[in-house]
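just to be clear, the model below is a prediction. Sequence and coordinates:
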Amino acid sequence: MSIPQSGGGAITDTTQLAEFLASGCKPKDDWRIGTEHEKFGFCQDTLQPLPYDGPRSINAVLSGLRDRFGWTPVTEGGLLIGLEKAGANISLEPGGQLELSGAPLETIHQTCDEVNTHLAEVKAVADGIGAGFIGLGAAPEWTHADMPLMPKGRYKLMDAYMDKVGTMGKVMMRRTCTVQVNIDFASEADMVQKLRVAMALQSVATALFSNSPFFEGQPNGHKSWRSRVWRDLDAARTGIPEFVFDEGFGFEQWVDYALDVPMYFVYRDGTYIDALGQSFRDFLRGELPALPGETPQMSDWADHLTTLFPEARIKKYMEMRGADGGPWRRLCALPAFWVGLMYDQSSLDAAWDIAKDWDQETRLALRVAASREGLAAEVDGTRMHDLARELVEISHAGLKARAKAGAGGLVPDETHFLNALRESVETGKSPADEMLDDYHGAWQGDLTRVYAERSY
């Protein structure tokens, strides 16, 4: 979840809303990569989730990272709720999941180094207090009651609202994890093509990265339970908006969509003010019930954009949101997959050629099938395994064409970061399939084995 936005001044004209999005356009040489990933913390002896406070807790992990590795604290109401350093931040998800939002970096080599450093730091602190961290798309055993809400005002408001708009909102907040990558666009036309590719093909990422086949102690019938959860969260702000594929789509149409999504809050002076279900359009007119007579700042618009949760979304950059949290290698494979598809024009065109003739029914059916069957999914003769194989090769070509060297020039490009995905394509198995094999085989139905064998 995002931290409060700041800056930008007053909104005096609604054209500023689209201009805010357009201000993210930048030349290709300035395109960057931002990797975000979440993970579950747990007590190594009891295998229960970490509480917020105490000697073995989320607070202790944050404090240890601050004190040992030079992170700057972020507080809310006097409580430590995050950290910042060198363009990156560490934040808390509602159930205590620890998230790294990485700095905008030039290459996958750099973003993977950042991930590796972060996980090494977290492990050093966690080992010292008897804690561990695991990368899964959903909590394998823990119940809702096992995972108390973290002390952030935004989450308290969201938690109260979720049951009014869906059935899975509280599950998403407390018991799911994702990995995503943030990418740039050069122009409105470039944004449109990238967002259409992202929306249409996010199901392939869901299948490749599916890693949540267990829930509340047993197989749940899905390869990506996290993806299943998102389908019943809040229809107004999730899914694959069909208008993205309409002729004439652009920044203004995204603004119209965002304005129709009910608000969660307004952030003022360190406090989240309840604006649940209220309209940003009313806010623009000075008629918001939460703040009568007050009109929004650009930071309010930036905050509101963080409360939209479609499969991909735009702010001043684009976020890919379809993948389960996962093992170490796949935290680097996810940005590699999308950068290979999106940052080389030939690869972007090839990806769009695959999906451009699909209708909305097909896109939605692939999303559902990916969550259930992963790479084994099939919709009207379109096999997910075949899509994954083709897209991984297109991404490989895109990364090769980028020719971004690493290791002081010893590694000529970024293609090796796709190795985990190429293995999945060869075997037809995602991490979910591998865990299910272990569960029914070597683990003999003992799901507690997942902690020792899948932790960082």
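Cool, the structure landed.

buried residues, stretch 200-219. List them.
Residues of stretch 200-219 classed as buried: 200-215, 219 (neighbour count, 16 or more other C-beta atoms under 10 Å). Glycine gets a C-beta too; all of them are placed from N, C-alpha and C.

strands - which of these land there?
Members of those lying in strands (criterion: DSSP state E): 214, 215, 219.

among the buried residues of stretch 200-219, which are in helices?
Among those, the ones falling in helices (DSSP state H) are 200, 201, 202, 203, 204, 205, 206, 207, 208.

nearest to residue 355, of the residues you listed?
Among those, residue 200 lies closest to residue 355 (C-beta to C-beta), at 3.7 Å.

if I read this right, residue 257 contacts residue 239, doesn't it?
No - with contact defined as C-beta atoms under 8 Å, residue 257 does not count as touching residue 239 (11.5 Å).

got the ones in strands among the buried residues of stretch 200-219 as JSON lines, with pLDDT and distance to residue 409 columns?
Output for these, formatted as JSON lines (pLDDT from 0 to 100; distance: C-beta to C-beta, whole Å):
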{"residue": "214", "pLDDT": "98", "distance to residue 409": "43"}
{"residue": "215", "pLDDT": "98", "distance to residue 409": "46"}
{"residue": "219", "pLDDT": "98", "distance to residue 409": "46"}
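
quick check, nearest of those residues to residue 371?
residue 215 (12.4 Å).

next up, the contacts around the closest one.
Counting by C-beta atoms under 8 Å, 6 or more residues apart in numbering, residue 215 touches 138, 139, 140, 175, 225.

look up how far residue 171 lies from the last one.
The span separating residue 225 from residue 171 equals 9 Å under the rule C-beta to C-beta, to the nearest Å.

who has more neighbours, those two?
Between residue 225 and residue 171, counted using other C-beta atoms under 10 Å, residue 225 has the larger neighbour count: 30 against 24.

shouldn't that one be in contact with residue 139?
No - with contact defined as C-beta under 8 Å, residue 225 does not count as touching residue 139 (9.5 Å).

intersection of neighbour lists for those two?
176, 215.

pLDDT wise, what is the residue in the chain sticking out farthest from the centre at?
Distance from the C-alpha centroid of the chain peaks at residue 293, with 35.3 Å (C-alpha atoms, centre = their mean). Residue 293 carries a pLDDT value of 96.

would you confirm that it belongs to a strand?
No - using DSSP: H, G, I helix; E, B strand; the rest coil, the assignment for residue 293 is coil, not a strand.

can you tell me how far it sits from residue 283?
For residue 293 relative to residue 283 (C-beta to C-beta), the value is 11 Å.

kindly report the same for residue 274.
Distance of residue 274 to residue 283, computed by C-beta to C-beta: 13 Å.

okay, these two: which has more neighbours?
Comparing residue 274 with residue 283 by neighbour count (other C-beta under 10 Å), the higher total belongs to residue 283, at 24 against 17.

I figured that one was touching residue 289, is that so?
No - look at residue 283 against residue 289 with C-beta under 8 Å: they stay out of range, at 9.7 Å.

and stretch 391-398, average pLDDT?
98.

picking up where we left off before, columns pLDDT, distance to residue 455 and secondary structure on top of the contacts of residue 215, output as JSON lines?
What follows is these, written out as JSON lines (pLDDT from 0 to 100; distance: C-beta to C-beta, whole Å; DSSP: H, G, I helix; E, B strand; the rest coil):
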{"residue": "138", "pLDDT": "98", "distance to residue 455": "15", "secondary structure": "strand"}
{"residue": "139", "pLDDT": "98", "distance to residue 455": "14", "secondary structure": "coil"}
{"residue": "140", "pLDDT": "97", "distance to residue 455": "12", "secondary structure": "coil"}
{"residue": "175", "pLDDT": "98", "distance to residue 455": "17", "secondary structure": "helix"}
{"residue": "225", "pLDDT": "98", "distance to residue 455": "19", "secondary structure": "helix"}
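
just the closest of the residues you listed to residue 107, please.
residue 138 (30.9 Å).

from residue 216, how far off is the closest one?
10 Å.

now residue 382
32 Å.

which strand in this structure runs the most residues?
Taking DSSP E as the criterion, the chain has its longest strand at strand 33-43.
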